[in-house]
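S.K.: Okay, here's the prediction I keep looking at, along with the sequence it came from:
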There are 2 protein chains.
Amino acid sequence: MEIRLIGAEVIEGCLGMPRTIELMEDAFRALSEGGVQSPLRTAITNGEGTVLYKPAYSEAAGIFCVKVVSVFSGNAALGLPVTPGIIVINSEETGMPLAVLEAGYLTSLRTGAATGLATKLFAKPDAKIGALFGTGGQARHQLEAMLCVREFETIYVFSRNEENAERFCRENLDIAGGCRLVANPARSVLASCDVLTLATSAASPLFEWSEVGDDVHINAVGSLGPKRTEVSAETLLNSRVIVDQREACLAEAGEICLMREAGLIGEDYHPSEMGELIDGAREMQHQPTVFKSVGNAVQDLVCSAEIYQTAKREDMGKTERL
Amino acid sequence: MEIRLIGAEVIEGCLGMPRTIELMEDAFRALSEGGVQSPLRTAITNGEGTVLYKPAYSEAAGIFCVKVVSVFSGNAALGLPVTPGIIVINSEETGMPLAVLEAGYLTSLRTGAATGLATKLFAKPDAKIGALFGTGGQARHQLEAMLCVREFETIYVFSRNEENAERFCRENLDIAGGCRLVANPARSVLASCDVLTLATSAASPLFEWSEVGDDVHINAVGSLGPKRTEVSAETLLNSRVIVDQREACLAEAGEICLMREAGLIGEDYHPSEMGELIDGAREMQHQPTVFKSVGNAVQDLVCSAEIYQTAKREDMGKTERL
């Protein structure tokens, strides 16, 4: 058998943010319509960390894929990625293994693109002022996605570490275009923000409901796990909450799990999925919105399919006999 | 990250049958002692076939692994393997992906080695006459494993297609050594056989209990799924049945499922696992035995670990940056 090896640079050359946002439309629509098989992920944990196996298939994507992604927090101290991963794809016609893709870049790209789609669907059409919390590995794609879908004049960048925010603004001037990037502004600017994007590992809310405007759209894509939240319960209760996938977010999103634990929402809590609102978003009444994403294998699936087709057509990456 | 690519030829150079049989001892002992994490496999099916994801980890093996194996019966007509697969392994210390291995050769090798271990443990020490049913892709390793653990004088080879049996005997003279390989003998030879190894896709039993001797050891490693059996109920009821893993065989082995459906065994049916008998096999009383195997991820795990360590030490296979 012959396997195509597709590294991060190849992926960057195959798939840009605007196209990835389009793919997220297909992905989330298919997910909500039941056109995707994405069985529960499997996790194996030892004393050092966890390896997660996340398989998925859809007829539309035309491939099977599995993301094998590890979470080893000790890696940071070793200068290694904390969540290294690869994606294996198989043919839908013959089951033959086709390719192995580096997963870190793709995960960041598709997570950004989900924020891009949510911002396109739910933020004010004339949004001009944004804020980005977090300057970690996924922040650049989050910024790029916001810039793809609205004509921002200013994006404020918040980080617990002020130097990180300054460095991030300097390093991302290349994609900012006409938009000003402002590091570490006064908190009071939050009231003027049309869009807030949260990509941190915060355990507790990054701001209070009283600090933000009542026509804000919030993207919350960080804070992994049912015990951590980037968004306050008051903000969530005053907003329309939209999730990537209901079942996963009800089980894993701290934003929701902590509200349920506190008795603020009941067992019948039923946020909309983004895929259910793609065609109706324009008719939604004006209201504050929160998009919460824990990430779904369908995002990896549709991106991997497109990357593989492009790489094959253009002979990008390396092929090796196995 | 850097990934080592390990094809079938490299695996053949890294790991011979005698060592693989030793590894099976470790593997099955660890499995029965609870030292292995092998969560339920995940399966995704489309109209053409199924892709299975089988992850496993044990501290003793020192790696995480997942076998991604497809079952696409239409592949035969295309000249492609019906069950193509790869194995991905990750570091237990950092979770980093380490290697991708071709899985077809390894699956055949380790399935043979399980037969080898079972034959070593349960067949008469002075077994001289054997038979092999089936001459498909896994038959050579089944033969090699038998030859590794007993001094066979004759092995009879049965195939539904007589020419296949003759070709198989010719093509495996290189490993037969002093053992005669006899294609398509009269059925009456079965009564003289000390060991029968069944590696077919038969839906119904290959012989009756009345045809075999009452000190026979049978290895049954074929006939995938709960509706197919290579061994008659009478044979099973007259023998001590030993399985690779109880939970999997009670759920998936046709040999057992069909007996339960027929009311011949109850819900309390409790065959021994091979791993429970490794230290006590020599003390087992003389009796006919059937080893039924549906295959377990731990077999892939221990073999992958050894192959990876050898390939790394000897710089075998190819390493590629991803």
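M.R.: Received, thanks. Residues are numbered from 1 along each chain as shown, chains lettered A, B, ... in the order given.
S.K.: From chain B, how far out is A:Gly34?
M.R.: Look at A:Gly34 and chain B: by CB to the nearest CB, to the nearest Å, they are 14 Å apart. The way it works is simple: take the backbone N, C-alpha and C, and place the C-beta from them, glycine included.
S.K.: Buried residues of stretch A:225-239, list them for me.
M.R.: A:Pro226, A:Arg228, A:Thr229, A:Glu230, A:Val231, A:Ser232, A:Ala233, A:Thr235, A:Leu236, A:Ser239 (16 or more other CB atoms under 10 Å in any protein chain shown).
S.K.: Tabulate those in CSV, adding columns for secondary structure, distance to B:Glu208 and pLDDT.
M.R.: Supplementary listing: those in CSV, determined by DSSP: H, G, I helix; E, B strand; the rest coil; distance: CB to CB, whole Å; pLDDT from 0 to 100:
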residue, secondary structure, distance to B:Glu208, pLDDT
A:Pro226, coil, 58, 94
A:Arg228, coil, 63, 96
A:Thr229, coil, 66, 97
A:Glu230, coil, 68, 97
A:Val231, coil, 69, 98
A:Ser232, coil, 73, 98
A:Ala233, helix, 70, 98
A:Thr235, helix, 73, 98
A:Leu236, helix, 69, 98
A:Ser239, coil, 72, 97
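S.K.: would you turn the residues you listed into JSON lines with distance to A:Phe207?
M.R.: Shown next, in JSON lines, are those (distance: CB to CB, whole Å):
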{"residue": "A:Pro226", "distance to A:Phe207": "21"}
{"residue": "A:Arg228", "distance to A:Phe207": "15"}
{"residue": "A:Thr229", "distance to A:Phe207": "12"}
{"residue": "A:Glu230", "distance to A:Phe207": "9"}
{"residue": "A:Val231", "distance to A:Phe207": "8"}
{"residue": "A:Ser232", "distance to A:Phe207": "7"}
{"residue": "A:Ala233", "distance to A:Phe207": "13"}
{"residue": "A:Thr235", "distance to A:Phe207": "8"}
{"residue": "A:Leu236", "distance to A:Phe207": "12"}
{"residue": "A:Ser239", "distance to A:Phe207": "13"}
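S.K.: Which residue ranges of the stretch 1-150 of chain A form strands?
M.R.: A:2-6, A:36-37, A:42-45, A:50-58, A:63-71, A:85-91, A:97-102, A:129-133 (DSSP state E, counting those that start in this stretch).
S.K.: list the helices and strands the fifth one packs on?
M.R.: Packed against strand A:63-71, as judged by 3 or more CB pairs under 8 Å, 6 or more residues apart in numbering or on different chains; DSSP states H and E, are the following elements: strand A:50-58, strand A:85-91, helix A:297-313, strand B:63-71, strand B:85-91.
S.K.: List the buried residues in that strand.
M.R.: A:Ile63, A:Phe64, A:Cys65, A:Val66, A:Lys67, A:Val68, A:Val69, A:Ser70, A:Val71.
S.K.: can I get the helices and strands packed on strand A:63-71 in a markdown table with distance to A:Arg321 and mean pLDDT?
M.R.: Shown next, in a markdown table, are the helices and strands packed on strand A:63-71 (distance: least, CB to CB, whole Å; pLDDT from 0 to 100):
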| stretch | distance to A:Arg321 | mean pLDDT |
| --- | --- | --- |
| strand A:50-58 | 25 | 97 |
| strand A:85-91 | 16 | 98 |
| helix A:297-313 | 16 | 98 |
| strand B:63-71 | 18 | 97 |
| strand B:85-91 | 12 | 98 |
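S.K.: who wins for proximity to B:Ile278 among those?
M.R.: strand B:63-71 (22.3 Å; CB to CB).
S.K.: Sheet-wise, list the partners of that closest one with their directions.
M.R.: Strand B:63-71 has its sheet partners listed here by DSSP bridges as strand B:50-58 (antiparallel), strand B:85-91 (antiparallel).
S.K.: Of those, flag the one that's most buried.
M.R.: Each of the strands paired with strand B:63-71 was assessed for mean neighbour count using mean count of other CB atoms under 10 Å in any protein chain shown. The highest is strand B:85-91, with a mean of 26.
S.K.: could you check the angle strand A:2-6 makes with that strand?
M.R.: 40 degrees (axes from the mean of the first three to the mean of the last three CA atoms, to 10 degrees).
S.K.: Now tell me what touches strand B:85-91 from outside.
M.R.: A:1, A:3, A:51, A:68, A:70, A:86, A:88, A:97, A:322, B:63-70, B:96-104, B:106-107, B:300, B:304-305, B:308 (CB atoms under 8 Å, 6 or more residues apart in numbering or on different chains).
S.K.: Contacts only, for the most centrally placed residue in chain A.
M.R.: For chain A, the residue sitting closest to the mean C-alpha position, by CA atoms, centre = their mean, is A:Thr111 at 2.2 Å. For A:Thr111, the contact set (CB under 8 Å, 6+ apart) comprises A:Gln138, A:His141, A:Gln142, A:Ala199, A:Val221, A:Ser293, A:Gly295, A:Gln299.
S.K.: how far away is it from chain B?
M.R.: A:Thr111 is 19 Å from chain B, by CB to the nearest CB.
S.K.: try A:Gly104
M.R.: 9 Å.
S.K.: number of nearby residues for that residue?
M.R.: 20 (other CB atoms under 10 Å in any protein chain shown).
S.K.: right, and it touches A:Ala8 too?
M.R.: Yes - here A:Gly104 reaches A:Ala8: they are 6.8 Å apart, a contact under CB atoms under 8 Å.
S.K.: possible to save the strands of the stretch 1-150 of chain A as CSV with distance to B:Ser192?
M.R.: Output for these, formatted as CSV (distance: least, CB to CB, whole Å):
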stretch, distance to B:Ser192
strand A:2-6, 47
strand A:36-37, 51
strand A:42-45, 47
strand A:50-58, 48
strand A:63-71, 48
strand A:85-91, 46
strand A:97-102, 44
strand A:129-133, 78
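S.K.: and B:Glu273, which of the ones you listed is closest to it?
M.R.: That would be, of the strands of the stretch 1-150 of chain A and by CB to CB, strand A:42-45, which comes in at 21.2 Å.
S.K.: Give the other helices and strands that the closest one contacts.
M.R.: strand A:50-58, strand B:50-58.
S.K.: what's the angle between the last one and helix B:297-313?
M.R.: For strand B:50-58 and helix B:297-313, the angle between their directions (the same axes, to 10 degrees) works out to 70 degrees.
S.K.: same thing with the first one?
M.R.: Regarding strand A:50-58 and helix B:297-313, their directions subtend 110 degrees when assessed with the same axes, to 10 degrees.
S.K.: which residues touch strand A:50-58?
M.R.: Outside strand A:50-58, the residues that reach it (CB under 8 Å, 6+ apart) are A:30, A:35-39, A:41-45, A:63-72, A:92, A:297-298, A:300-302, B:42, B:44, B:46, B:51, B:53, B:55, B:57, B:64, B:66, B:90, B:95.
S.K.: Please verify my assumption that A:Leu31 contacts A:Val298.
M.R.: Yes - here A:Leu31 lies in contact with A:Val298, judged by CB under 8 Å, at a distance of 4.8 Å.
S.K.: Who has more neighbours out of those two?
M.R.: A:Val298 (32 against 25).
S.K.: before we move on, the earlier item: minimum distance to B:Phe207: which of the helices and strands packed on strand A:63-71 has it?
M.R.: Across the helices and strands packed on strand A:63-71, closest to B:Phe207 is strand B:63-71 (CB to CB), at 26.9 Å.
S.K.: mind listing the strands in the stretch 151-300 of chain A by residue range?
M.R.: All strands of the stretch 151-300 of chain A, identified by DSSP E, counting those that start in this stretch, fall at A:154-158, A:180-183, A:195-198, A:217-220, A:240-243, A:272-273, A:289-292.
S.K.: most tightly surrounded among these?
M.R.: strand A:217-220 (a mean of 30).
S.K.: I'd like to know which elements it is packed against.
M.R.: helix A:104-122, strand A:195-198, strand A:289-292.
S.K.: Mean confidence (pLDDT) on the longest one, please.
M.R.: Pointing back at helix A:104-122 there. Per-residue pLDDT over helix A:104-122 has a mean of 97.
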